[in-house]
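In: sharing a model prediction with you, sequence too.
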Amino acid sequence: MILFTRFCLLLALTVVGAALFGSPVTQSQPRKPNVLFIAVDDLRPEFGAYGSKYIHSPNLDRLAKQGVTFDRAYVQQAVCSPSRSSLLTGTRPDTTKVWDLVTHFRTAIPDVVTLPQRFKNNGYFVQGMGKLYHGGYDDPPSWSVPWSNPRVVTYGIAENEARQKGSRGQEGQGIRGPAFEGAAVPDNTFHDGALADLAIKTLGEMAKKNQPFWLGVGFTKPHLPFVAPKKYWDLYDPKKIQLAPNPFRAKDAPEFAVLPGGELRAYQNIPTGDIPDDLARQLKHGYYAAISYMDAQLGRVLDELDRLKLRDNTIVVLWGDHGWKLGEHGAWCKHSNVENDTHAPLIISAPGMKTAGKHSASLVEFVDVYPTLAELAGLPLPQHLEGVSLVPVLRNPAKAVKTAAFSQYPRPNRGQRLMGYSMRTERYRFTRWVARDDHSKVVATELYDHQTDPQENTNIAADPKHAALVTKLTAQWEQGWRGAKLK
């Protein structure tokens with residue numbers, strides 16, 4: 001009886017895959033699909049699959065050809081821990097109460113079942129390594145075995161490693177090492193190379209198990225410092241690196257909407273004021289080199305998945321935890337509601353996809369990842385989720401599942417505690433800054449028309465010509481993410 005029940009479950013999962021992607025119903029799929037869950041730190045959607053041909057990213061591009069690339073995916077808050085907590089719980093920052101880097105989501109929602117935990121509770125062997133949750137805030141209930149992380153140096157040059165003498169505390173406090181480095185060292189000198197070694201070893205172990213697996217691999221580059229082996233720097237001609245086209249504040253935007261980038265200023269030899277062009281070009285060079293370094297490590301992991309003949313029964317998802325400013329709006333890093341920060345890469349590849357290699361312009365959010373992976377694996381969806389499954393979009397990339405994506409960012413301002421709630425529609429970005437303890441107290445409003453101003457350089461919210469539009473968008477904003485869901 002037990003064997004018959006198990007056979008029925010496997011057959012049902014096979015039928016689910018066939019219904020979604022048109023794959024034939026056969027007995028060649030012996031078990032539930034595996035999941036390779038790849039997180040990348042501070043990766044903005046600027047590489048080949050997103051149209052940036054000057055970035056050397058063959059493995060990111062290779063994965064995109066095997067899945068659907070979401071061209072308009074948005075994070076719930078553009079900073080590491082809030083974004084990751086939101087994606088991994090399937091809930092938004094106002095539910096997790098994680099708006100900073102010092103709060104664990106289980107303080108507010110102690111019994112929530114996380115995405116990896118959902119798979120673990122449904123018969124999967126679940127293992128996490130590298131940066132998945134924010135550093136220092138792991139979640140043991142998520143894993144079948146303890147989370148692990150390679151211990152490596154930050155810099156390849158001994159002098160630079162020794163120069164690290166500051167705190168790892170709040171941005172702008174203390175002195176860290178140099179902001180970038182290109183030393184002639186092996187790839188596994190640094191975190192992502194060592195992590196790829198560990199992931200490859202673990203895949204080999206998982207292939208021997210008679211159990212489906214969920215493996216989370218969290219790469220840390222291109223996060224600061226922009227450190228990568230010299231061969232990845234050599235992929236780029238610094239003379240051809242273009243600087244940000246809008247190195248200035250948005251006209252008529254509130255002064256607190258975008259800050260200069262204190263995270264960058266925590267590194268040595270970075271001025272507190274404007275970044276000179278030559279330094280900006282070096283920083284961008286380092287960022288691009290770090291992308292290519294990470295890309296190479298991703299390729300090694302994907303190669304092993306192929307070598308072990310696991311690819312045909314493995315869902316692969318890759319996401320960057322938020323975007324990043326490289327001088328746009330006269331600022332660096334993340335920490336805002338602008339398009340540069342909230343827009344992030346998302347690629348999903350599943351066995352049997354007929355839409356492999358396609359792009360989707362549908363508005364999607366990172367809270368949608370949890371229900372999507374659960375549905376792809378045939379797992380029941382928990383009630384607490386605040387996103388929607390993207391399986392309909394994977395089946396038809398032209399399909400829309402919502403009318404808007406929502407992000408937020410907290411900001412102190414002259415003794416007030418504000419929260420900026422930002423709504424990205426097909427055409428507009430509409431942000432209202434309200435008191436955190438009373439959302440009826442509106443301090444400032446931002447409106448950007450992406451049809452005429454895709455870089456968000458002019459806030460038109462106060463222009464009388466757009467009064468009716470502001471009223472309309474305010475009503476949509478007030479309906480929130482629930483009102484944005486399409487039936």
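Out: Great, that's in hand. Numbers count the residues shown, from 1 in each chain.
In: what mean pLDDT does stretch 147-160 have?
Out: Stretch 147-160 carries an average pLDDT of 95.
In: and if you look at stretch 241-256?
Out: 97.
In: can you give me the buried ones in it?
Out: Across stretch 241-256, burial judged by 16 or more other C-beta atoms under 10 Å covers I241, A244, P247, R249, A250, A253, P254, F256. Bear in mind the C-beta positions are built from the backbone N, C-alpha and C, glycine included.
In: got a markdown table for those residues, with distance to A194 and secondary structure too?
Out: Formatted as a markdown table, the buried residues of stretch 241-256 follow (distance: C-beta to C-beta, whole Å; DSSP: H, G, I helix; E, B strand; the rest coil):
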| residue | distance to A194 | secondary structure |
| --- | --- | --- |
| I241 | 28 | coil |
| A244 | 33 | coil |
| P247 | 36 | coil |
| R249 | 40 | coil |
| A250 | 41 | coil |
| A253 | 42 | coil |
| P254 | 43 | coil |
| F256 | 39 | coil |
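In: for the stretch 51-200 of the chain, give me the ranges with low pLDDT.
Out: Applying pLDDT under 70 to the stretch 51-200 of the chain flags the ranges 165-174.
In: which pair of the buried residues of stretch 241-256 spans the longest distance?
Out: Of all pairs drawn from the buried residues of stretch 241-256, the greatest distance, 31.2 Å, lies between I241 and P254 (C-beta to C-beta).
In: format the buried residues of stretch 241-256 as TSV; extra columns: distance to K209.
Out: What follows is those, written out as TSV (distance: C-beta to C-beta, whole Å):
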residue	distance to K209
I241	46
A244	48
P247	52
R249	54
A250	52
A253	53
P254	54
F256	51
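In: what is the nearest of the residues you listed to Y133?
Out: Among those, and counting by C-beta to C-beta, the member closest to Y133 is F256, at 28.5 Å.
In: is it true that the closest one touches Q416?
Out: No. In this structure, F256 is not within contact of Q416 by C-beta atoms under 8 Å, at 9.5 Å.
In: circling back to that earlier point, between the buried residues of stretch 241-256, which is nearest S81?
Out: Distances from S81 to the buried residues of stretch 241-256, taken by C-beta to C-beta, are shortest for F256, at 21.1 Å.
In: gap between that closest one and T89?
Out: Relative to T89, F256 is positioned 28 Å away (C-beta to C-beta, to the nearest Å).
In: repeat for P229
Out: Taking C-beta to C-beta, one finds P229 at 35 Å from T89.
In: so where is the stretch 301-450 of the chain shaky, pLDDT-wise?
Out: In the stretch 301-450 of the chain (pLDDT under 70), no residue qualifies.
In: hmm, 90 instead?
Out: Along the stretch 301-450 of the chain, the model assigns pLDDT under 90 to residues 414-415.
In: D252 and T458 touch, don't they?
Out: Yes. Here D252 lies in contact with T458, judged by C-beta under 8 Å, at a distance of 6.7 Å.
In: picking that back up, so which of the buried residues of stretch 241-256 is the closest to E328?
Out: For the buried residues of stretch 241-256, the nearest to E328 is A244 (4.6 Å; C-beta to C-beta).
In: count the neighbours of the closest residue to the closest one other than its chain neighbours for me.
Out: Nearest residue to A244 in three dimensions, chain neighbours excluded: G327, at 3.5 Å (C-beta to C-beta, 6 or more residues apart in numbering). By other C-beta atoms under 10 Å, 22 other residues sit near G327.
In: domain map for the chain?
Out: Using automatic domain parsing, the domains assigned to the chain come out as 1-30, 32-403, 406-484.
In: between the two ends of the longest one, how far is it?
Out: From the first residue to the last, domain 32-403 extends over 33 Å; the measure is C-alpha to C-alpha, to the nearest Å.
In: next: stretch 131-145.
Out: 16 Å.
In: for it, buried residues please.
Out: In stretch 131-145, counting by 16+ other C-beta under 10 Å, buried: K131, L132, Y133, H134, Y137, D138, D139, S142, W143, S144.
In: and the longest strand along the chain, what does it pack onto?
Out: As assigned by DSSP state E, the longest strand anywhere in the chain is strand 438-449. Secondary-structure packing of strand 438-449 (3 or more C-beta pairs under 8 Å, 6 or more residues apart in numbering; DSSP states H and E): strand 416-424, strand 428-435, helix 467-484.
In: for the domains of the chain, which one ends up most surrounded?
Out: domain 32-403 (a mean of 20; mean count of other C-beta atoms under 10 Å).
In: could you pull out the strands in the stretch 101-250 of the chain for me?
Out: Listed in chain order, the strands of the stretch 101-250 of the chain (DSSP state E, counting those that start in this stretch) span 125-130, 180-181, 213-219, 226-227.
In: residues in contact with the longest one?
Out: Right, strand 213-219. Defining contact as C-beta atoms under 8 Å, 6 or more residues apart in numbering, one finds that strand 213-219 is touched by 34-41, 116, 119-120, 124-132, 191-192, 195, 199, 202-203, 206, 294, 297-298, 301.
In: hang on, the earlier thing: each with direction, which strands does the longest strand of the chain pair with?
Out: strand 428-435 (antiparallel) (DSSP bridges).
In: still on that earlier bit, in helices only, show me the contacts of strand 213-219.
Out: Residues of the contacts of strand 213-219 located in helices (DSSP state H): 116, 119-120, 191-192, 195, 199, 202-203, 206, 294, 297-298, 301.
In: of all the residues you listed, which two lie farthest apart?
Out: Longest span within those, C-beta to C-beta: K120 and M294, 27.0 Å.
In: give me the distance from the longest strand of the chain to the chain's centre.
Out: On the basis of C-alpha atoms, centre = their mean, to the nearest Å, strand 438-449 sits 26 Å off its chain's mean C-alpha point.
In: and stretch 331-347, by the same measure?
Out: Counting by C-alpha atoms, centre = their mean, stretch 331-347 comes out at 9 Å from the chain centroid.
In: that one: end-to-end distance?
Out: OK, stretch 331-347 end separation, C-alpha to C-alpha: 27 Å.
In: ok so, going back, would you mind giving the helices and strands packed on strand 438-449 as JSON lines with distance to G156 added?
Out: Listed next are those as JSON lines, based on distance: least, C-beta to C-beta, whole Å:
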{"stretch": "strand 416-424", "distance to G156": "39"}
{"stretch": "strand 428-435", "distance to G156": "40"}
{"stretch": "helix 467-484", "distance to G156": "44"}
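In: so which of those gets nearest A266?
Out: Closest among the helices and strands packed on strand 438-449, using C-beta to C-beta: strand 416-424, at 23.3 Å.
In: tell me what that closest one is packed against?
Out: Looks like strand 416-424 contacts helix 339-342, strand 405-413, strand 428-435, strand 438-449, helix 467-484 (3+ C-beta pairs under 8 Å, 6+ apart).
In: give me the contact list for the third one.
Out: Applying C-beta under 8 Å, 6+ apart, the set of residues contacting strand 428-435 from outside is 254, 256-257, 337-339, 411, 413, 416-423, 440-450, 456, 461, 469-470, 473-474, 476-477.
In: ditto for the last one
Out: With contact meaning C-beta under 8 Å, 6+ apart, helix 467-484 is reached by 92, 365, 386, 402-406, 421, 423, 425, 428, 430, 432, 445, 447, 461.
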